[in-house]
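1. Test case, fold it:
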Amino acid sequence: MPEARGHRVAAALQYERGKDAPRVTAKGHGAVAEEIIRRAREAGVALHESPELAALLMEVNLDQPIPPQLYRVVAELLAWIYRLEGIPDRHGTAPVKPAREALLLSVAHHE
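-> Below you'll find the predicted structure:
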């Protein structure tokens, strides 16, 4: 992620197939955000930089599902991750690879 003035904000999402909606599993500002980002990189979690999405996810309580207003944008990001990882979509159009939960980290810089 490029460096910028100010501090970072990070929010992590986890989606388990069969569940209704992804959950916010971690979030934080500054040093906490940096640690979330470091751990995500180490674990190979997809990083997505979006100030708008990160700000909205910061409003969701930890371990709670995202609100319905975010379903579409998060679904599009998860579909992108599935294509990258070769996880088949509901039509089986992607290469077959063992399905697992999807993890996504949304990051933003604030002045």
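
2. Thought residue 20 was touching residue 65, still the case?
-> Yes - if you go by CB atoms under 8 Å, residue 65 and residue 20 touch, sitting 6.4 Å apart. Placement of C-beta: from N, CA and C, glycine included.

3. In terms of packing, which of those two has more residues around it?
-> Set side by side, residue 65 and residue 20 show more neighbours around residue 65, with 17 against 11, by other CB atoms under 10 Å.

4. residues touching that one, list them.
-> 19, 20, 21, 22, 23 (CB atoms under 8 Å, 6 or more residues apart in numbering).

5. So the fourth one is in contact with residue 66, correct?
-> Yep, that's residue 22 we're talking about. Yes - using CB under 8 Å as the test, residue 22 is close enough to residue 66 to be in contact (5.4 Å).

6. if I look at these two, which residues touch both of them?
-> Common contacts of residue 22 and residue 66 (CB under 8 Å, 6+ apart): 13, 74.

7. so where's the protein uncertain?
-> For the chain, the stretches flagged by pLDDT under 70 are 1-6, 85-105, 107-111.
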